[in-house]
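Colleague: what's the 3D shape of this:
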Amino acid sequence: MTGQELQFPTGKVEIVAGAGEFDPGSETPMHKHPYPRSLYIIEGTFTVTEEGGQPRTYPAGSFVVEAVDVWHTGGNTSSSPVKILVIDEVPAGANNLVVKPK
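Modeller: The predicted model follows:
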């Protein structure tokens, strides 16, 4: 999203996939990812807003590579549900989500 070069963890790496659903008007807390995270928008329109930046909107069928170590939120600003596939590439056993302290 920010034009960063793709850099993947070295050593023993796991690819972890999961699904997410967002009701209309719902949003994640401000957070960042220490390792690469990609999203595939299955249904609806998903909006990502980097701290201090403009919102970027991605319709169904979009593949999004999120920036590493950049604070952002993600959510559903539409009136229809959103479904996403989340794919992380992390060192074995690592957590790829850091929520910004309030």
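Colleague: Please make it C-alpha for all contacts and neighbour counts, starting now.
Modeller: Fine.
Colleague: Wait, I42 touches V86, no?
Modeller: No. With contact defined as Cα atoms under 8 Å, I42 does not count as touching V86 (10.4 Å).
Colleague: Of those two, which one has the most company?
Modeller: Higher neighbour count among I42 and V86: I42, with 19 against 16, using other Cα atoms under 10 Å.
Colleague: Sticking with that one, tell me its helix or strand.
Modeller: strand 37-43 (DSSP states H and E).
Colleague: by contact count, what packs against that strand?
Modeller: Applying 3 or more Cα pairs under 8 Å, 6 or more residues apart in numbering; DSSP states H and E, we find strand 37-43 packed against strand 56-59, strand 63-65, strand 82-91.
Colleague: Bridge partners for D88, pull those for me.
Modeller: Applying DSSP bridges to D88 gives these bridge partners: V16, R37.
Colleague: neighbours around it, how many?
Modeller: So D88, with other Cα under 10 Å, has 20 neighbours.
Colleague: Over to G25?
Modeller: 12.
Colleague: ok, it - contacts?
Modeller: Residues near G25 by Cα atoms under 8 Å, 6 or more residues apart in numbering: 75-79.
Colleague: Give me the distance between it and A94.
Modeller: From G25 over to A94 the distance is 30 Å, taken as Cα to Cα, to the nearest Å.
Colleague: do the same with F22
Modeller: 25 Å.
Colleague: Have a look at the two and say which one is more surrounded.
Modeller: Neighbour count, other Cα under 10 Å: between F22 and A94, F22 has more, with 20 against 12.
Colleague: one step back: nearest approach to E50 belongs to which of the helices and strands packed on strand 37-43?
Modeller: Closest to E50 of the helices and strands packed on strand 37-43 is strand 56-59 (Cα to Cα; 8.7 Å).
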